[in-house]
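Novice: Take a look and give me a structure for this.
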Amino acid sequence: MGPPGGKGWGPPGGGKGWGPPPGPGMGGPPGGKGWGPPPGPGMEGGKGDGKGGWGAPPPAIAQVEEPVRREWGEEHVRVIHGQLNIELSMQDPPLDDDALMNFCDWLDGYLPQVVANYPHLRKTGANVDLSDNVIGPQGLDRLFEELRKHQVPCVTMKCFRNVVNDAVIDTFVEYLHTQPENLPITGIHISHNRISDKGALRFLRASCTCGHYPTKVTKKPLWLRLENNEIDKPEEVIAQCGHEEYAVCTMKDGLCTQLDCDHVNVTVQVPHFYSQNNNQEKKPKGDKGKGKGKGDFGDGKGKGKGEGKGGKKGKKGVNRNVAKTIDLEEPEPALEDYPMEEHCPFKLDWSGRDSNKHALPMLIDIKEDSVVAKASIKPGENFLVNLNGMDVSMLEREQVEDALEERPVRMKVGKLASDNFN
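Specialist: This next block holds a predicted model:
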């Protein structure tokens with residue numbers, strides 16, 4: 001299927017300009033009437049006692065809430081390790097479409113100077129984090145337009161836990177087909193939104209037919225997060241992709257479009273795809289028997305020696321809702337017997353990558369009196385979730401360790417939770 005006609009990455013050509021539309025004209029004042037406020041309600045005499053009195057007071061004027069005034073600055077748009085980082089996650093109050101478009105108006109005037117100072121951004125791209133807001137399709141579409149206008153490709157997009165629905169699929173389809181061939185987007189995280197079965201199928205179809213995946217050099221698939229949306233029958237979506245011969249991987253043996261999928265040589269990876277809002281995996285109940293007894297892992301009581309509720313423990317993950325942000329401004333006190341002892345006040349345990357190549361590293365052996373220890377981070381209970389605006393699950397170990405050698409560094413650390421959002 002050929003790419004749909006879209007907007008290219010070059011400067012805009014003839015046709016409509018990029019300036020704002022002309023506003024309404026300012027006509028003269030109407031004849032015979034002044035510009036003062038309209039006359040208020042009259043004061044009428046009362047009724048009943050013959051003496052007259054004041055009439056009812058004029059109705060109260062409804063109070064109109066002023067829009068939230070937001071200040072945009074360098075903390076929202078930064079250049080880190082040669083890439084543009086747009087960091088707008090968890091805004092207070094949360095960003096909606098109007099607020100994001102207001103940001104884009106500001107970005108339109110700010111970004112040209114950033115690109116002039118760092119012209120390589122057009123070759124390294126941007127990481128965008130809009131997670132945990134109330135952004136919809138219009139705001140997201142406008143942000144893509146702004147990046148395209150200034151020729152800065154989007155490398156990763158995180159827009160999970162928002163209100164994005166199927167209307168945004170056209171934006172992603174167009175971007176996937178018209179993005180620069182030498183710098184395609186590598187990760188899209190839009191879980192916990194309102195994408196339907198039809199929208200998910202269109203998204204997967206565009207990912208598999210745009211011709212950019214696996215990537216030309218690194219041979220990596222597109223990393224796409226679509227779990228916890230309004231997808232009623234995820235198994236049928238995957239089955240349809242298999243019928244159309246698309247190499248879609250769910251990261252689960254026997255549940256991909258290809259039965260012999262090795263989870264590597266594929267076009268797109270959609271981990272946790274079967275976990276949707278209407279079919280969350282539940283702990284299995286144990287069989288009932290005779291007598292009294294508690295389950296091996298659950299808290300229920302059965303009649304007998306059965307396992308009771310919860311015959312299987314829930315899968316643990318990282319609760320990103322309560323992740324702590326820690327800034328490392330200067331080199332920290334040394335740790336002995338660790339390759340990064342001159343830079344990092346903790347060690348990372350990467351053993352989780354032995355079974356899952358996207359597992360998050362655990363913080364261990366945290367140096368006392370370090371900024372990490374002062375943030376009440378306990379060793380063996382916390383995972384490195386985000387590093388300089390980048391999802392650590394999408395980074396190689398070498399990339400993480402190289403980033404931790406630089407200063408300043410901003411990282412997010414999360415504790416264990418029952419729900420797996422990795």
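Novice: Which parts of this protein are helices?
Specialist: 97-117, 121-124, 137-149, 169-178, 197-209, 234-243, 371-374, 397-404 (DSSP state H).
Novice: And the longest one, what's buried?
Specialist: Spelled out, that is helix 97-117. Buried residues in helix 97-117, counted by 16 or more other Cβ atoms under 10 Å: Asp97, Ala99, Leu100, Met101, Asn102, Phe103, Cys104, Leu107, Tyr110, Leu111, Val114, Val115. Backbone N, C-alpha and C define where each C-beta goes, glycine included.
Novice: Show the contacting residues for the closest residue to the second one other than its chain neighbours.
Specialist: Translated: Ala99. Leaving out its chain neighbours, the residue that sits closest to Ala99 by Cβ to Cβ, 6 or more residues apart in numbering is Arg70, at 6.4 Å. Contacts for Arg70 (Cβ atoms under 8 Å, 6 or more residues apart in numbering) come out as Ala99, Asn102, Phe103.
Novice: again with Leu395
Specialist: With Cβ under 8 Å, 6+ apart, Leu395 has these contacts: Leu387, Ala403.
Novice: gap between it and Lys219?
Specialist: 17 Å (Cβ to Cβ, to the nearest Å).
Novice: Could you do Val371 as well?
Specialist: In this view, Val371 and Lys219 are 39 Å apart by Cβ to Cβ.
Novice: neighbours of Asp349, just the number please.
Specialist: Asp349 has 14 neighbours, counted by other Cβ atoms under 10 Å.
Novice: Next: the one 10 residues further on.
Specialist: Neighbour count for Ala359, taken as other Cβ under 10 Å: 18.
Novice: With Glu329 instead?
Specialist: Other residues lying near Glu329 total 10 when counted by other Cβ under 10 Å.
Novice: And Lys357, by the same measure?
Specialist: When neighbours are counted by other Cβ under 10 Å, Lys357 registers 12.
Novice: how near is it to Asp402?
Specialist: 18 Å.
Novice: Also Ile377?
Specialist: For Ile377, the distance to Asp402 equals 22 Å [Cβ to Cβ].
Novice: again with Arg410
Specialist: 15 Å.
Novice: Same drill for the two, tell me which one is more crowded.
Specialist: A direct count of neighbours by other Cβ under 10 Å for Arg410 and Asp402 places Arg410 higher, at 18 against 13.
Novice: Hmm, that one is touching Glu329, no?
Specialist: No - counting by Cβ atoms under 8 Å, Arg410 sits too far from Glu329 to count as a contact (9.7 Å).
Novice: out of the helices of the chain, nearest to Val266?
Specialist: When the helices of the chain are compared by Cβ to Cβ, helix 197-209 sits nearest Val266, at 9.5 Å.
Novice: No further questions, thank you.
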